[in-house]
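[1] I would like to see how this sequence folds:
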Amino acid sequence: MRRFLPLLLLTLLCTCDRAMESQIVKESDSQIVRESDSQAVGEADSQEGLPNILFILTDDQGYGDLSMMGNDSIETPNMDALLQTGAFFDHFYVSPVCAPTRASFLSGLYAPRTGAVFVTRRRETMDDGILTLPEYLRHAGYRTGLFGKWHNGATFPYHPAGQGFEEFLGFTLGHFNDYFEGELVNERDEIVPFVGDLTEILTDTASHFMQQESSQPFFCLLAYQAPHTPVQVSDKHWDRVNQRGLTPYNTGIYAMIESIDEQIGQLLDELEEAGKLENTLIVFATDNGPNGDRYRVGLKGTKGHVDEGGVRVPFGIKFPGEHPANGRKIVTPAAHIDLVPTVLDLVDLPIPEKLDGHSLLPLLQPKHNDTFNLNRYIYAFKQGYDFKPYPGSMRDRNFLYVLRGPDKHELYQLDKDPGQRTDIMATKQAFLAGLQARGRKMAETYAAFASTVARPDLVAPPIDLDAAPGPIRLLAHEGEPRGKTHFMDKYGWANDFFVDLGSDGAYWPVETEKARSYRVKVRYHLEGNTARTLVLRTDKGNDVSVALPPARTTQIPVADRVKRKEVYPRRWAEVEVSGLSISPGSTEISIASAGREGLWVKEITLE
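    Residues are numbered from 1 along each chain as shown. Model (predicted):
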């Protein structure tokens, strides 16, 4: 038995509330939403024969980041074996960035329909009315767990435990700040400090969950943080890859992927030894293209792009036993939106008609089933603070249409030009006139579809103070700066903080129907030698003040292999104050402080 959770505070790990009600689905005109008394989903007749499901998802690993793709700079024997011995989908598409991809994997909908259009500032949040894959599976009798990255909402009811996961250990943000020491959270949003290799810790926790004695089948989402930056990896993996003559950045990225590969191999060995593997279906995927310019089999684009290199990723399903699909290579295009209907089909639950995806099971039969639509289009929309139809793309078996900008149309024949070297719409060769007409028709189809997916009413929801089971952490990047207050980084990515907070202040949109009084904890940094007063106020006029002693905080040393783009972790100063009253109907909590530059605020916690 391998080591389990080095130095992790296990007392907070498994505190799931299995009494939490799983809700059921109804259909509205535009989305799939939950309703506690509906019978639209139904219940599985029996759990007997249902497979366990393990979904392994890596972060920022591109299509070319596998040795099976001809990449001689990386060694991924376990990922390769998993994909090659299962049903490998060679043309599988996701969104250009992580939060939208994850929302689509879990909902079966294109991400704009769920409200998840960006990666920070609450715009990564998936609406709590969307029925998710773990919620469906709980109706089939599954126990559900998520270990690793969530990135579809940091507060309840958008937290993993509010979206169908009974057990959770991981983080809700777009990236984690330190992969060897930090604070994870559990299904109650309680802080779980850890010291150790996060890739190993997540694998160990998932293994423990899957090996629990239970009469229920499991659905386990193991969502690794790597190879998302910061570039942090153990010496063992760094030293091995560092001999290959790569740039320091790519050395670190490939070392992180090889660390995951090693953990996957050990995990599968453990499940086999425990007798779990023989009835476990394994799904493997990555969430977008590579986070940097590196080998990608000649595909154009990287993470954040709607071109093939930004959205085409490795994806496979390995069935237990001698399933006829195992070992097959599927060339029919498929996408993240297909996972939910595929799994529902697999466990004999009805597939809601208004999902965007289709079950892939017909493609995996010994003889092809004509019920699968081979000629459908698959769409990709670029991330943005607000949804726009451009840049965007649409593809079928042979052609890729790209809307690069307003009235900037491109067309590529992927079966002959997979690297997108010749834009058919830009050529003046007469023999391509027919294909240009096809491009114009595709542009019309794309515009019509893109006009139907935006749900601005779901984007960046206020923080629901009534939904939390315990303390509520108002992180700076979940709020909005005012006036001269700003983030350390322009966009306010995950882990960022308010800088130079003054009289203009900052605020968090909230909603509540109840009157409460909170004790407030403030994490901050204050330069100089003079104390400052911080005023916390609601839009209903309630306020409380707290004195902030000077506190020049320091960065926490990190094990970065290359200089990071993200903010560095700090040892924040803390003060507490009681008496912040919140009235029913409050819509805003703000903070402000009269004074000059030098006050930074990381978060406030309501207890």
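[2] model confidence over the helix or strand hosting residue 402, on average?
    Secondary structure assignment for residue 402, by DSSP states H and E: strand 399-405. On average, the pLDDT along strand 399-405 is 98.
[3] my read: residue 70 touches residue 297, true?
    Yes - the criterion here is C-beta atoms under 8 Å, and residue 70 meets it with residue 297 at 6.8 Å. Glycine gets a C-beta too; all of them are placed from N, C-alpha and C.
[4] between these two, which contacts overlap?
    Shared contacts of residue 70 and residue 297 (C-beta atoms under 8 Å, 6 or more residues apart in numbering): residue 64.
[5] so for residue 541, what's the pLDDT?
    pLDDT, residue 541: 87.
[6] circling back: higher neighbour count, residue 70 and residue 297?
    Neighbour count, other C-beta atoms under 10 Å: between residue 70 and residue 297, residue 297 has more, with 16 against 10.
[7] go through the strand holding residue 402 and flag the buried ones.
    For strand 399-405, a neighbour-count test (16 or more other C-beta atoms under 10 Å) marks 399, 400, 401, 402, 403 as buried.
[8] how close does residue 246 get to residue 252?
    Separation of residue 246 from residue 252 (C-beta to C-beta, to the nearest Å): 9 Å.
[9] what's the first helix or strand after the biggest helix by length in the chain?
    Criterion DSSP state H: the longest helix present in the chain is helix 248-273. Moving toward the C-terminus from helix 248-273, the next helix or strand (DSSP H and E) is strand 280-286.
[10] what is the mean pLDDT for that next one?
    On average, strand 280-286 scores 98.
[11] that's a helix at residue 99, yeah?
    Yes - with DSSP: H, G, I helix; E, B strand; the rest coil as the criterion, residue 99 is part of a helix.
[12] so how far is the following helix or strand past the strand holding residue 402 off the chain centroid?
    Once the chain leaves strand 399-405, the next helix or strand it forms, by DSSP H and E, is strand 408-413. Counting by C-alpha atoms, centre = their mean, to the nearest Å, strand 408-413 is centred 29 Å from the centre of its parent chain.
[13] strand 408-413 packs against which elements?
    With contacts defined as 3 or more C-beta pairs under 8 Å, 6 or more residues apart in numbering; DSSP states H and E, the packing partners of strand 408-413 are strand 399-405, helix 433-453.
[14] run the last query once more with 10 Å
    Counting contacts by 3 or more C-beta pairs under 10 Å, 6 or more residues apart in numbering; DSSP states H and E, strand 408-413 packs against strand 392-395, strand 399-405, helix 433-453.
[15] out of the ones you listed, nearest to residue 135?
    Residue 135 lies closest to helix 433-453 among the helices and strands packed on strand 408-413, at 21.8 Å (C-beta to C-beta).
[16] with only the CA atoms kept, save that closest one in PDB.
    Extracted in PDB, the C-alpha atoms of helix 433-453 (Å, rounded to 0.1, in the frame of the first residue of the first chain):
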ATOM      1  CA  ALA A 433     -14.900  29.100 -55.900                       C
ATOM      2  CA  GLY A 434     -17.200  26.200 -55.100                       C
ATOM      3  CA  LEU A 435     -15.500  25.700 -51.700                       C
ATOM      4  CA  GLN A 436     -15.800  29.500 -51.000                       C
ATOM      5  CA  ALA A 437     -19.500  29.200 -51.500                       C
ATOM      6  CA  ARG A 438     -19.400  26.400 -48.900                       C
ATOM      7  CA  GLY A 439     -17.500  28.700 -46.500                       C
ATOM      8  CA  ARG A 440     -20.200  31.400 -46.900                       C
ATOM      9  CA  LYS A 441     -22.900  28.800 -46.100                       C
ATOM     10  CA  MET A 442     -20.900  27.700 -43.100                       C
ATOM     11  CA  ALA A 443     -20.600  31.300 -42.000                       C
ATOM     12  CA  GLU A 444     -24.400  31.600 -42.000                       C
ATOM     13  CA  THR A 445     -24.900  28.400 -40.100                       C
ATOM     14  CA  TYR A 446     -22.300  29.500 -37.500                       C
ATOM     15  CA  ALA A 447     -23.900  32.900 -37.000                       C
ATOM     16  CA  ALA A 448     -27.300  31.400 -36.600                       C
ATOM     17  CA  PHE A 449     -26.100  28.900 -33.900                       C
ATOM     18  CA  ALA A 450     -23.900  31.400 -32.100                       C
ATOM     19  CA  SER A 451     -26.800  33.700 -31.700                       C
ATOM     20  CA  THR A 452     -28.600  31.000 -29.600                       C
ATOM     21  CA  VAL A 453     -26.000  30.100 -27.000                       C
END
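[17] tilt between it and strand 408-413?
    For helix 433-453 against strand 408-413, the angle by axes from the mean of the first three to the mean of the last three C-alpha atoms, to 10 degrees is 120 degrees.
[18] just checking, what packs against helix 433-453?
    Packed next to helix 433-453, using 3+ C-beta pairs under 10 Å, 6+ apart, are strand 378-381, strand 392-395, strand 399-405, strand 408-413.
[19] what strands flank the third one, and is each parallel or antiparallel?
    Strands that pair with strand 399-405, judged by DSSP bridges, come out as strand 392-395 (antiparallel), strand 408-413 (antiparallel).
[20] buried stuff in the last one?
    In other words, strand 408-413. 409, 410, 411, 412, 413.
[21] and the pLDDT at residue 146?
    98.
[22] which SSE is it in?
    Residue-wise, residue 146 maps onto strand 143-149 under DSSP H and E.
[23] cool, and residue 584?
    Per DSSP H and E, there is no helix or strand for residue 584.
[24] one more: residue 289?
    Here residue 289 is assigned to no helix or strand, by DSSP H and E.
[25] quick check: closest non-adjacent residue to it.
    residue 310 (4.0 Å; C-beta to C-beta, 6 or more residues apart in numbering).
[26] brilliant, that's me finished.
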